[in-house]
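>>> Okay, structure incoming, though there's no sequence with it:
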C-alpha cells in the first residue's frame with residue numbers, strides 16, 4: 001500500500017476495484033463506511049452488487065474478465081475529459097506518449113460490449129476519481145490478482161493513479177489489501193523466490209555479498225537466481241525438477257487450482273515435509289510432519305496490509321511436544337550443516353532490522369504494548385511512513401514512475417455450450433483462509449458448514465430447475481464438487497461464486513491451472529463450469545454428510561497412525 005488503512009477515512013474518494021471489503025476485511029470495510037460518513041465519494045466496480053455497492057455514489061457492474069479493457073477505458077476518460085494532471089506527469093513520470101498509444105484505442109464506447117458499463121457512467125466515475133482531493137484506489141484484491149492479466153492490471157492501476165496525480169500525497173494512492181493477516185509480513189521476510197528479506201533482489205551481487213557476510217558463509221552458497229513459485233511445484237515434480245517440498249502452514253490441496261491434479265503430482269515427491277498445527281488434506285500426504293505452534297502460543301511480528309509492523313506475544317505455552325516454528329527451523333538448519341543460535345524472537349528480529357534498511361527503526365521497544373511501526377522506517381528516531389512516495393518521488397533509479405499500458409486479452413477458458421457458466425472463487429466472513437483453523441471451531445461450524453455454498457443468479461438457477469438451499473453438482477473439465485445453492489439477485493447472470501474453504505464443496509476441484517506469465521498467480525477468478533440440479537435431495541444431503549464424515553475420519557486416522565509410528569522430537 002502507498003497509503004495507510006486509517007488514512008482511508010480521510011480520503012476524498014475511494015475507488016473499490018476487484019475487492020469486497022465487507023466479506024474479506026470487515027475492519028477495512030468499517031473505515032470505508034466512516035469515510036463515507038465524513039463526505040467521501042465511493043466508486044465501486046464489480047460484477048456482483050457487493051455490500052459496499054449499496055453505499056456507493058457510482059456502482060458499475062462490470063463483466064467478469066474485463067479488467068484491462070475497463071481500466072484502459074477509465075484512463076482514456078481521464079485524459080479525454082481533460083482531467084490528467086499534466087504537471088505531475090511531466091515532472092514525475094516517464095513514457096506517457098507510449099502509454100497513450102495503447103490507451104487512446106480504448107474509449108468507454110469502444111469497449112462497452114466487453115465491460116458492460118455505460119460510457120457516460122464511466123466518464124462520471126473518472127471525473128469523480130480524478131477531481132476528488134485526494135483519491136485512493138482501495139483494496140484491489142484477488143479480483144485483480146487472480147486473473148490472467150494480473151500484473152498488467154496492477155501496472156494499469158498504478159499508471160492511472162499517476163496520470164491523475166492521485167499518489168504521493170497523504171491518504172491517496174494505491175491500496176492492495178492482503179488476503180491473510182501476515183501475507184505482507186511473509187513478503188517482507190523474503191518469502192518470494194526473487195527476493196531476500198526487505199525486498200532485496202537475489203540477482204544483485206551486492207545484496208548477496210551483504211547477506212553472505214552477515215551469515216558467515218561463502219557468497220557462492222547464496223542463490224543468485226529466481227526460484228520456483230508455489231504454483232510451479234506440481235508441474236516441476238512431474239518434470240523431475242523438484243524432489244522435495246517443505247510445506248509450512250499451507251494447505252495447497254485446498255487453496256490451489258485443479259486440486260485433484262495437484263494431489264497426484266505431490267504424491268510423486270521423494271520427500272514431503274509439512275509443518276502445521278492441524279492435520280489437513282495436504283498434511284495427510286506428508287512423509288514427515290513437524291507440529292508447529294499456533295498464533296496464541298508464540299510471539300513475533302506481523303505486518304498489516306499497510307506496512308505496519310505489530311508485535312505480538314504468546315498467550316499460552318505450546319502444548320505437548322510442539323516447538324515454536326523458529327525453533328524447528330533452527331534445529332533443522334543446524335542438523336543440515338548451518339548452525340543457528342537464537343535465544344528468542346527479539347534476536348531474530350534485530351538481525352532482520354540490521355539487514356533491511358527500510359525496517360531498521362522498528363524496534364521491539366517501539367512496538368511494545370499497542371505500539372506499531374510502519375515501514376519505511378529507516379532510523380530509530382523516524383516516525384514511520386503512513387504514506388509512500390511523498391512529493392512524487394518513486395523508488396526507481398531516476399525517482400520517476402514508469403507508465404505502462406497493455407492491450408486486453410480475453411480469459412483463458414471461455415464459457416461454451418457444455419460449460420456455459422463462469423466460476424469465480426471468493427471469500428466469506430464466516431471462515432478464514434483454507435479453514436484448517438476455523439473449521440475446528442464448533443461455533444463457526446454452526447454458522448456455516450459443509451458442503452459450503454455456490455451463489456448464483458435466480459434466472460440461472462431457474463433455467464436448471466434449482467431451488468434455493470438445494471444441494472447441487474458443480475463440475476468443470478477438471479472435476480466436480482457438491483455444494484448448496486444460494487439464489488441471490490445481486491449475483492450477475494452467467495456467473496457463479498464459490499468460496500474456497502470447503503472440503504466437500506471444494507471449488508478448486510473445478511478451477512483452471514492457468515498462470516500469469518510473470519507472477520505465476522492462478523486464474524482463479526475465471527473458469528468455465530456447469531451446475532446441475534440433483535433430483536433426490538434426501539440422498540444428496542446424506543451423501544454430503546457421508547463424504548464429510550469419511551474425510552474427517554481419514555484425517556483423524558492419519559494423526560493416530562503418525563503418533564503411533566513416530567518417536568519423540570529429540571529422536572526424530
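That came through fine. The model shown is predicted, which means the values in this text are computed figures rather than measured ones.

>>> Tell me how far the residue nearest to residue 65 when sequence neighbours are not counted lies from residue 219.
Leaving aside its sequence neighbours, residue 65 sits nearest to residue 411 (Cβ to Cβ, 6 or more residues apart in numbering; 4.2 Å). Any C-beta I mention is one placed from the backbone N, CA and C, and that applies to glycine too. To residue 219, residue 411 is 44 Å away according to Cβ to Cβ, to the nearest Å.

>>> With neighbour numbers in mind, choose between these two.
residue 411 (20 against 13; other Cβ atoms under 10 Å).

>>> Check which helix or strand that one maps to.
Using DSSP states H and E, residue 411 sits within no helix or strand.

>>> tell me the phi and psi of it?
Note on residue 411: backbone dihedrals following degrees, to the nearest 10 are phi -60, psi 160.

>>> how about it, what does it touch?
64, 65, 147, 148, 523, 526 (Cβ atoms under 8 Å, 6 or more residues apart in numbering).

>>> Have a look at these and tell me the least confident one.
In this model, the minimum pLDDT among the contacts of residue 411 belongs to residue 147 (79).

>>> count of neighbours near that residue?
27.

>>> Output the below-cut-off pLDDT ranges for the chain.
By pLDDT under 70, the low-scoring segments of the chain are 139, 429-434, 436, 566-572.

>>> and the residue positioned nearest the centre of it, what does it touch?
By Cα atoms, centre = their mean, the mean C-alpha position of the chain lies nearest to residue 179, the distance being 4.3 Å. Each residue near residue 179 by Cβ under 8 Å, 6+ apart is listed here: 24, 141, 142, 427, 433.

>>> and the longest helix seen in the chain, what other elements does it pack with?
What stands out as the longest helix in the chain, according to DSSP state H, is helix 537-565. Contact here means 3 or more Cβ pairs under 8 Å, 6 or more residues apart in numbering; DSSP states H and E; on that basis helix 537-565 packs against strand 471-475, strand 480-487.

>>> Distance to residue 46 and mean neighbour count added to these, as TSV?
TSV is the format used below for the helices and strands packed on helix 537-565 (distance: least, Cβ to Cβ, whole Å; neighbours: other Cβ atoms under 10 Å):
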stretch	distance to residue 46	mean neighbour count
strand 471-475	22	22
strand 480-487	18	21
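
>>> Same list, these, but as TSV with distance to residue 417 please.
Shown next, in TSV, are the helices and strands packed on helix 537-565 (distance: least, Cβ to Cβ, whole Å):
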stretch	distance to residue 417
strand 471-475	15
strand 480-487	18
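
>>> Quick one: closest of those to residue 251.
strand 480-487 (16.1 Å; Cβ to Cβ).

>>> Now tell me what touches that closest one from outside.
With Cβ under 8 Å, 6+ apart, strand 480-487 has contacts from 451-458, 461, 466-475, 498, 502, 504-507, 509-510, 531, 534, 540, 543-544, 547.

>>> Next, residue 152: secondary structure please.
helix (DSSP: H, G, I helix; E, B strand; the rest coil).

>>> Once you drop chain neighbours, what's closest to it?
Going by Cβ to Cβ, 6+ apart, residue 152 has residue 406 as its nearest residue, at 3.9 Å.

>>> contacting residues around the one you found?
Applying Cβ under 8 Å, 6+ apart, the residues contacting residue 406 are 68, 72, 102, 149, 152, 155, 156.

>>> Show me which pair in those residues is furthest apart.
102 and 149 (13.0 Å).

>>> And those two? Which one has more around it.
Of the pair residue 102 and residue 149, residue 149 is the one with more neighbours under other Cβ under 10 Å, namely 24 against 18.

>>> Now do the contacts for that one.
67, 68, 406, 408, 409, 516.

>>> now, the most widely separated pair of those?
The widest separation within the contacts of residue 149 (Cβ to Cβ) is 14.3 Å, between 408 and 516.

>>> the helices in the stretch 151-300 of the chain, which residues?
183-188, 205-215, 233-238, 252-255, 259-266 (DSSP state H, counting those that start in this stretch).

>>> Residue 11 is nearest to which of those?
Closest among the helices of the stretch 151-300 of the chain, using Cβ to Cβ: helix 183-188, at 20.3 Å.

>>> Return the set of buried residues in that closest one.
For helix 183-188, the neighbour count (16 or more other Cβ atoms under 10 Å) marks 184, 185, 188 as buried.

>>> Show residues contacting it.
Under Cβ under 8 Å, 6+ apart, the answer for helix 183-188 is 178, 195, 197-199, 301-305, 307, 356, 359, 375.

>>> Restricted to buried residues, select those in PyMOL.
The PyMOL selection below is limited to those of those classed as buried (16+ other Cβ under 10 Å):
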select buried, resi 178+195+197+198+301+302+303+304+305+307+356+359+375
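
>>> Dump the contacts of helix 183-188 into JSON lines; add distance to residue 281 as well.
JSON lines is the format used below for the contacts of helix 183-188 (distance: Cβ to Cβ, whole Å):
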{"residue": "178", "distance to residue 281": "24"}
{"residue": "195", "distance to residue 281": "30"}
{"residue": "197", "distance to residue 281": "31"}
{"residue": "198", "distance to residue 281": "34"}
{"residue": "199", "distance to residue 281": "33"}
{"residue": "301", "distance to residue 281": "30"}
{"residue": "302", "distance to residue 281": "26"}
{"residue": "303", "distance to residue 281": "28"}
{"residue": "304", "distance to residue 281": "29"}
{"residue": "305", "distance to residue 281": "28"}
{"residue": "307", "distance to residue 281": "33"}
{"residue": "356", "distance to residue 281": "35"}
{"residue": "359", "distance to residue 281": "35"}
{"residue": "375", "distance to residue 281": "36"}
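
>>> Verify the stated contact: residue 448 with residue 439.
No - counting by Cβ atoms under 8 Å, residue 448 does not reach residue 439; the two are 10.0 Å apart.

>>> dump the residue contacts of the closest residue to residue 47 other than its chain neighbours.
With Cβ to Cβ, 6+ apart as the criterion, residue 47 has its nearest non-adjacent residue at 4.7 Å, and that residue is residue 492. By Cβ under 8 Å, 6+ apart, the contact list for residue 492 reads 47, 48, 61, 63, 64, 457.

>>> Likewise for residue 413?
477, 512, 514, 526, 527, 528.

>>> where's the closest residue to it other than its chain neighbours, which helix or strand?
Leaving aside its chain neighbours, residue 413 sits nearest to residue 528 (4.8 Å; criterion: Cβ to Cβ, 6+ apart). Assigned by DSSP H and E, residue 528 belongs to strand 527-533.

>>> Next, the angle from that strand to strand 471-475.
150 degrees (axes from the mean of the first three to the mean of the last three Cα atoms, to 10 degrees).

>>> ok, strand 527-533: who's next to it in the sheet?
strand 421-426 (antiparallel), strand 471-475 (antiparallel) (DSSP bridges).

>>> tell me the angle of that strand relative to strand 480-487?
70 degrees.

>>> Can you give me the buried ones in strand 527-533?
527, 528, 529, 530, 531, 533.

>>> where's the third one relative to residue 146, distance?
Okay, so that is residue 529. From residue 529 to residue 146 the distance is 16 Å (Cβ to Cβ).

>>> Just confirm residue 309 contacts residue 359, I think it does.
Yes - between residue 309 and residue 359 there is a contact at 7.5 Å, judged by Cβ under 8 Å.

>>> Common neighbours of the two, please.
residue 375.

>>> Next one: residue 222 relative to residue 168, how far apart?
Counting by Cβ to Cβ, the gap from residue 222 to residue 168 is 35 Å.

>>> Looking at these two, which has the bigger crowd around it?
residue 168 (22 against 16).

>>> Now the terminal residues of stretch 410-421, how far apart.
Stretch 410-421 stretches 15 Å from its first residue to its last (Cα to Cα, to the nearest Å).
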